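Chemist: Could you work out the structure for the sequence below:
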Amino acid sequence: QLTLAASGGGLVQPRGSLTLSCETSSHIRYGAIGWFRQAPGREREGVSCLNDVDGKTYYANPVKGRFAMSRDNAKTTVTLQMNDLKPEDTAVYYCASNAQLYCSGHISPGDFVLWGQGTQVTVSP
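Modeler: Numbering: from 1, shown residues only. Model (predicted):
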């Protein structure tokens, strides 16, 4: 079974950058992988997703132009480059996958079935 492990969170100042990584099993195709976040007192929300078959990515409106999702050539690590971070980006970030999914503009946590542990991102002066 595919396994996921997210890492790279930390404390960063506003307008700073941070890179999150999601390590996946090396031998199983993952359909689609998504990044999600959950701030205290708020529902989990989709941030971005990437499709295994063609590498296409999609982003939620709040992060468009600031975040970029990519994968390495071996397709075992998916990264989320976060630039121009804002305090409202503070949350626990998760990566998740669904082997049967081709993701598109609506990135819903309910569409993803396999979840890694979260990594905390705090944006504060």
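Chemist: Only C-alpha atoms from now on, for both contacts and neighbour counts.
Modeler: OK.
Chemist: Which residue lies nearest the spatial centre of the protein?
Modeler: Most central residue of the chain, judged by C-alpha distance to the mean C-alpha position with CA atoms, centre = their mean, is W35 at 2.1 Å.
Chemist: mind checking the SS state of that residue?
Modeler: State at W35, reduced to three classes by DSSP: H, G, I helix; E, B strand; the rest coil: strand.
Chemist: who touches the residue nearest to it when sequence neighbours are not counted in this structure?
Modeler: Ranked by CA to CA, 6 or more residues apart in numbering and with sequence neighbours excluded, the top spatial neighbour of W35 is C95, at 4.5 Å. Contacts for C95 were tallied using CA atoms under 8 Å, 6 or more residues apart in numbering; they are L4, A5, A6, C22, I33, G34, W35, F36, W115, G116, Q117, G118.
Chemist: can you do 10 Å?
Modeler: The neighbours of C95, taking CA atoms under 10 Å, 6 or more residues apart in numbering as the test, are 4-7, 20-24, 33-37, 46-49, 78-80, 109, 112, 114-119.
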